[in-house]
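> got a predicted structure here, sequence first:
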Amino acid sequence: MNTVRSILLSVLFSGVLLLNASAALAEKAVSKTAAGHNSEAGLKPHLGKARLEMGRVFTGERFPNVVVAVDGTVVASWGSRSLRVKRSEDGGKTWGKEITIANPALQSGGLTVDESTGHIIAFAEKQHPPAPLEVFRSKDHGKTWSKVQAVIKPDPKGNVPAMHMNEHGITLRRGKHKGRLLRPSRWYAGKNERARWPNHYTNAVFSDDGGKTWQTSAPFPAMGTGEATVAELSDGRIYYNSRRHWAPEGKNPRRRWSALSDDGGATWKGLTFVKILPDGPQNSNYGCMAGLVRLPVVGRDILLYTNCDSPTGRDHGTVWASFDGGKRWPIKRQVEAGRFAYSSVTAGRPGTSTEGTAFLHFEGNGGSTMARFNLAWVLEGKSTGDGEVPAWVK
């Protein structure tokens, strides 16, 4: 009997040691930001009491984006005539004055936070692309901006991409491409007119030298696409989700395309028709820019997607959640019943006052609104019928 007890205790002790070692290994694998915080943490801060708060940010013009700097400052960008930002140092409750990055300028897609340095990179175009790109950098979490030189190399087809109104960029956190900056981009086929839509495609640009030089990926494996989003999954693959406004393949033109990359965003494969996610209002084939972010939870692939969920117009702004890296989207919740057009969504940073909060910046009603909410709020939404919310998240 004593021998059996000793064996059981030994097995139990070994199991505890193994669990502790695994936890320590997982903790060690989590990258740090330039502010010294873990880039990812636990699920608990995203749960608890459901929260949703909303407030106006900009007036006039168009084109929203939002990122969270490594110190936790929320930086909202905006502008269809001049590129401007506002900063919030209290988690989006209040906003500082407008800071102009470039004028004249269009918001050229989203900002990119370099988690290795803390710098924020912005692209701008003086007119609707195709047009020459300008690159700006902030070294103080969005307070001041300087124009910088950057080289953007053509894609494998020889085309130099535009950045216009893609979602924000990301810093890769794992694998051999750790530290790489990656953001979606697009090719306009010379001009943005309906006759050329069949030749449009999205892709991505990536930099391994902090944004000085950008390589351009292979084209996304579906033509007629534009305005895309990217997220790094917990296994290092890149999830890519794109707007589409040309659908010769017979699929519903009012739904999204997705694909994956296992080489840090250089190539894309596994083209998938995402039948559950709307691409703008369902009475139009034109699509709508959407927001996408992976919540910074270690070992989990919780994605949030934002777009309008309407049969007739750009309204009924909604948040969808996936818990398996975009394979299924089992739950959604409406955030805005009224006007809701282009949107951008990002996640707060572990170790800062923004941890556990998602920030959704969207356009409508003559300006922009910021919605601040947590995953617990999304979980009180409606089932989509696309699978189930897993037990571990409840």
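Looks like it arrived, so ask away. Residues are numbered from 1 along each chain as shown.
> the stretch 201-350 of the chain: helices as residue ranges?
Under the criterion DSSP state H, counting those that start in this stretch, the stretch 201-350 of the chain contains no helices.
> how about the strands of it, start to end?
Here the stretch 201-350 of the chain has its strands, by DSSP state E, counting those that start in this stretch, at 201-207, 213-216, 225-232, 238-244, 255-261, 269-278, 291-294, 303-308, 315-322, 331-339, 343-347.
> what would those look like in CSV with mean pLDDT and mean neighbour count?
(C-beta placed from N, C-alpha, C; glycine too.) Output for those, formatted as CSV (pLDDT from 0 to 100; neighbours: other C-beta atoms under 10 Å):
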stretch, mean pLDDT, mean neighbour count
strand 201-207, 98, 26
strand 213-216, 99, 20
strand 225-232, 97, 26
strand 238-244, 97, 26
strand 255-261, 97, 22
strand 269-278, 96, 17
strand 291-294, 99, 26
strand 303-308, 98, 26
strand 315-322, 98, 23
strand 331-339, 98, 18
strand 343-347, 99, 29
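> so where is the stretch 101-250 of the chain shaky, pLDDT-wise?
248-250 (pLDDT under 70).
> now do 90
Applying pLDDT under 90 to the stretch 101-250 of the chain flags residues 106-110, 126-132, 190-198, 244-250.
> and for Glu134, the neighbour number?
For Glu134, the neighbour count with other C-beta atoms under 10 Å is 19.
> which stretch of helix or strand covers it?
Per DSSP states H and E, Glu134 falls inside strand 133-138.
> where's Val85 relative to Val67, distance?
10 Å (C-beta to C-beta, to the nearest Å).
> anything in contact with each of those two?
Val75, Leu111 (C-beta atoms under 8 Å, 6 or more residues apart in numbering).
> if we can go back for a sec, now render the strands of the stretch 201-350 of the chain as JSON lines, adding distance to Ser185.
Below are those laid out as JSON lines (distance: least, C-beta to C-beta, whole Å):
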{"stretch": "strand 201-207", "distance to Ser185": "5"}
{"stretch": "strand 213-216", "distance to Ser185": "7"}
{"stretch": "strand 225-232", "distance to Ser185": "8"}
{"stretch": "strand 238-244", "distance to Ser185": "11"}
{"stretch": "strand 255-261", "distance to Ser185": "14"}
{"stretch": "strand 269-278", "distance to Ser185": "18"}
{"stretch": "strand 291-294", "distance to Ser185": "15"}
{"stretch": "strand 303-308", "distance to Ser185": "20"}
{"stretch": "strand 315-322", "distance to Ser185": "24"}
{"stretch": "strand 331-339", "distance to Ser185": "28"}
{"stretch": "strand 343-347", "distance to Ser185": "16"}
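> are we agreed that Ala376 is in a helix?
Yes - per DSSP: H, G, I helix; E, B strand; the rest coil, Ala376 lies within a helix segment.
> my guess is it contacts Lys44. True?
No - under the criterion of C-beta atoms under 8 Å, Ala376 makes no contact with Lys44, lying 10.5 Å away.
> residue contacts, Arg244?
Per C-beta under 8 Å, 6+ apart, neighbours of Arg244: Ala222, Gly224, Thr225, Gly226, Pro253, Arg256, Trp257, Asp279, Gly287.
> give me the distance between it and Met163.
Taking C-beta to C-beta, one finds Arg244 at 18 Å from Met163.
> same question, Gly109
4 Å.
> how far away is Pro154 from Thr216?
Distance of Pro154 to Thr216, given as C-beta to C-beta: 6 Å.
> show me the beta-bridge partners of Ser261.
In this structure, Ser261 bridges to Ile238 when assessed by DSSP bridges.
> which residues touch it?
Contacts of Ser261 by C-beta under 8 Å, 6+ apart are Ser217, Arg237, Ile238, Tyr240, Thr267, Trp268, Lys269.
> farthest-apart pair in these, please.
Ser217 and Arg237 (13.9 Å; C-beta to C-beta).
> so between these two, which is more surrounded?
A direct count of neighbours by other C-beta under 10 Å for Ser217 and Arg237 places Ser217 higher, at 25 against 20.
> just read off the phi/psi values of that one.
Phi and psi for Ser217, reported as degrees, to the nearest 10, are phi -70, psi 170.
> so it makes contact with Val205?
Yes - judged on C-beta under 8 Å, Ser217 makes contact with Val205 at a distance of 7.2 Å.
> hmm, back to that, which one's more surrounded, Gly109 and Met163?
Per other C-beta under 10 Å, whichever of Gly109 and Met163 has more neighbours is Gly109, with 30 against 26.
> now do the contacts for the more buried one.
Asn65, Phe123, Met163, His164, Met165, Asn166, Glu167, His168, Arg183, Pro184, Ser185.
> repeat that for 10 Å
63, 65, 77, 122-125, 162-169, 183-186, 205, 227-228, 289, 344 (C-beta atoms under 10 Å, 6 or more residues apart in numbering).
> report all helices and strands that the helix or strand following the strand holding Glu134 contacts.
In the C-terminal direction, the helix or strand that comes right after strand 133-138 (DSSP H and E) is strand 146-148. When contacts are defined as 3 or more C-beta pairs under 10 Å, 6 or more residues apart in numbering; DSSP states H and E, strand 146-148 packs onto strand 99-102, strand 120-125, strand 133-138.
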